[in-house]
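**Student:** this one's sequence-less:
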């Protein structure tokens, strides 16, 4: 349900465009920086999909994201454990920033549906340290298409 907290043991994925993927396949911190005017960082909640395994969950996220936009060959999905990301940022940021991860499903009468869409809240727009910390908490990088 919209606004529900994504539990700490769960996982989210962030679509990282090719310009945020280094030659070695790792993700640059710029993939986790808010764009001007954004109030949260868009992610997808894997466990919400209730699929039997991670690979099926990633396949569904790929399908949904591909229905909303063109995904380039170099794009990747960064997979993160919610509790780990929150702990790293709380413990390592100078202001002990408290992130919140909330369910933000995109359900409309027209256009694609993204029922697992969620957001990471609490990232200051002008802060460069928090995206760096989030980047260190990435547990897995998968192909986005």
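**Tutor:** Done, it's in. Since the model is a prediction, treat every value here as computed from it, not as a measurement. Numbers count the residues shown, from 1 in each chain.
**Student:** I'd like the average pLDDT over the biggest helix by length in the chain.
**Tutor:** As assigned by DSSP state H, the longest helix anywhere in the chain is helix 54-68. Averaging pLDDT along helix 54-68 gives 95.
**Student:** try stretch 35-44
**Tutor:** Mean predicted lDDT for stretch 35-44 stands at 94.
**Student:** tell me the helices in the protein, going along the chain?
**Tutor:** Using DSSP H, helices in the chain cover 54-68, 82-92, 129-136.
**Student:** and of those helices, who's closest to residue 115?
**Tutor:** Closest approach to residue 115 among the helices of the chain is made by helix 54-68 (8.1 Å; C-beta to C-beta). The way it works is simple: take the backbone N, C-alpha and C, and place the C-beta from them, glycine included.
**Student:** buried sites along that closest one?
**Tutor:** If you call a residue buried by 16 or more other C-beta atoms under 10 Å, then helix 54-68 has these buried ones: 57-58, 60-62, 64-65.
**Student:** And the longest helix of the chain, what does it pack against?
**Tutor:** Applying 3 or more C-beta pairs under 8 Å, 6 or more residues apart in numbering; DSSP states H and E, we find helix 54-68 packed against strand 11-16, strand 40-45, strand 76-81.
**Student:** any idea which residue of this structure is furthest from its center?
**Tutor:** When distances are taken from the C-alpha mean of the chain, residue 109 lies farthest, 24.6 Å away, according to C-alpha atoms, centre = their mean.
**Student:** picking up where we left off before, with distance to residue 36 as added columns, please give the helices of the chain in JSON lines.
**Tutor:** Formatted as JSON lines, these follow (distance: least, C-beta to C-beta, whole Å):
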{"stretch": "helix 54-68", "distance to residue 36": "21"}
{"stretch": "helix 82-92", "distance to residue 36": "21"}
{"stretch": "helix 129-136", "distance to residue 36": "14"}
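**Student:** before we move on, back to that, format the helices and strands packed on helix 54-68 as CSV; extra columns: mean neighbour count and distance to residue 131.
**Tutor:** Below are these laid out as CSV (neighbours: other C-beta atoms under 10 Å; distance: least, C-beta to C-beta, whole Å):
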stretch, mean neighbour count, distance to residue 131
strand 11-16, 24, 11
strand 40-45, 23, 9
strand 76-81, 24, 11
